[in-house]
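# give me a 3D structure for the following:
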Amino acid sequence: MSNDFSGKVVIITGSSSGIGQAAAILFAKSGASVTIHEAEGKKENIHSVRGEITDLIVQKELIEETEKVFGRIDILINNAGGAFRNDRNQRSMESLDYCLNLNLKAPIALTELAIPYLEKTKGCIINTSAPGAPKGIRINNLSPGLTDTPAINGRFKDMEKMAKFFISQIPFGRMAKSEEIAEFMTFIASERASYMTGQIITVDGGLLIHSPTIKFD
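This is a model prediction of the structure:
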């Protein structure tokens, strides 16, 4: 898949590694100006904002600095997310708050902040379920399966048996590559998907349809 994003401005959260990083590279190669979050290094068409994505100040900086630097916002990709932090008690209320803030509240807050700018460009949002279609903004959710990222590898490092089990459940017999998921991101964000909104696109190597065969006597 190849798409031309010349003149477009993209914000990608959680883009220091894995899928977010691959997407940032692909969008930049396709001509887009990109605001990345949590990544090192800057190039001419890449703007970087650092900080905890659950922090309202960081959220505002992502949106406002992008508009200030590039003059517009066309695409918001809410990619930052995850489970419990390893340094926290997973059963604590603090850990639960962290998960809710990262996976639910932060994307909603960013969406609310970005909508006025996206309405002007008839842009799109990926990975959020907030209502925005009446304003001409396309909103879709990309649901990747098990993907070969530093975060996943870190979790599986001491769980070899579990890793083999999960991979055995995937008909393709392997994890996805970050670059493969990034290709779908650029497609969903492109004009080629101009009539697609309110959809959940699952890219999981067939994991969703993998289930034990029902036997009838």
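
# ok, then the element right after the one helix or strand in the chain whose mean pLDDT sits lowest?
Least confident helix or strand, the chain: helix 150-156 with a mean of 71, by mean pLDDT, DSSP states H and E. Beyond helix 150-156 on the C-terminal side, the first helix or strand identified by DSSP states H and E is helix 160-168.

# return that following helix as PDB; C-alpha atoms alone will do.
This file holds the C-alpha atoms of helix 160-168, laid out as PDB (Å, rounded to 0.1, in the frame of the first residue of the first chain):
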ATOM      1  CA  GLU A 160       8.500 -18.600  26.800                       C
ATOM      2  CA  LYS A 161       5.800 -21.200  27.200                       C
ATOM      3  CA  MET A 162       3.100 -18.500  27.300                       C
ATOM      4  CA  ALA A 163       4.600 -16.900  24.200                       C
ATOM      5  CA  LYS A 164       4.600 -20.100  22.300                       C
ATOM      6  CA  PHE A 165       1.000 -20.800  23.300                       C
ATOM      7  CA  PHE A 166      -0.300 -17.400  22.100                       C
ATOM      8  CA  ILE A 167       1.600 -17.700  18.800                       C
ATOM      9  CA  SER A 168       0.200 -21.300  18.300                       C
END
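
# determine which residue lies closest to the centroid of this structure.
Nearest to the mean C-alpha position of the chain, counting by CA atoms, centre = their mean, stands residue 79 at 2.3 Å.

# what about it, distance to residue 20?
Here the criterion is CB to CB, to the nearest Å. By it, residue 79 lies 4 Å from residue 20. In this view, the C-beta of every residue, glycine as well, is placed from N, C-alpha and C.
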